[in-house]
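Enquirer: Here you go, sequence then predicted model.
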Amino acid sequence: MEKTAKATTTVSYILSGILWLLGILTLLFNVLGLWAAWHLAGFGFIFYIPVPIIPAILSIVFSCISKETKLIVMNCISVAVSIGFILLTIFVSSTWFW
């Protein structure tokens, strides 16, 4: 079960990293005033939100089953960062700065 927990954690980190990158790009394009790229990154972010949710939940479940405290903490931090990026992007980066 430990290998499954590590594999789902790795997949969750990869998918969450893409989400975080889209959130950073949305903010960056908004600050720079690149509106076409801002729309693309913003819509990409919004439509991509459900993709990392399932692996994040699975990684937490498998790490709890295998009782790996290090993986549990790492997965919970990853989910917290993802929720932070979602809230920041929806309430700050998706509004017009200009």
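Expert: Done, it's in.
Enquirer: Can you show me the helices along the protein?
Expert: Using DSSP state H, the helices of the chain run over 2-32, 35-48, 50-66, 69-88.
Enquirer: I'd like the ones you listed as CSV, with distance to Ser94 appended.
Expert: Heads up, the C-betas are built off the backbone N, CA and C, glycines and all. Output for those, formatted as CSV (distance: least, Cβ to Cβ, whole Å):
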stretch, distance to Ser94
helix 2-32, 7
helix 35-48, 5
helix 50-66, 17
helix 69-88, 9
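Enquirer: so which of these comes closest to Trp96?
Expert: The closest of these to Trp96 is helix 2-32. By Cβ to Cβ, the value is 7.6 Å.
Enquirer: Show me what that closest one packs onto, helices and strands only.
Expert: helix 35-48, helix 50-66, helix 69-88 (3 or more Cβ pairs under 8 Å, 6 or more residues apart in numbering; DSSP states H and E).
Enquirer: Distance from the chain centre to that helix, please.
Expert: Its chain's C-alpha centre and that of helix 2-32 lie 4 Å apart, by Cα atoms, centre = their mean, to the nearest Å.
Enquirer: Include mean neighbour count, mean pLDDT and distance to Thr95 when you put the helices and strands packed on helix 2-32 into JSON lines, please.
Expert: Shown next, in JSON lines, are those (neighbours: other Cβ atoms under 10 Å; pLDDT from 0 to 100; distance: least, Cβ to Cβ, whole Å):
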{"stretch": "helix 35-48", "mean neighbour count": "16", "mean pLDDT": "92", "distance to Thr95": "10"}
{"stretch": "helix 50-66", "mean neighbour count": "18", "mean pLDDT": "92", "distance to Thr95": "22"}
{"stretch": "helix 69-88", "mean neighbour count": "15", "mean pLDDT": "93", "distance to Thr95": "11"}
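Enquirer: Kind regards, and thank you for your time.
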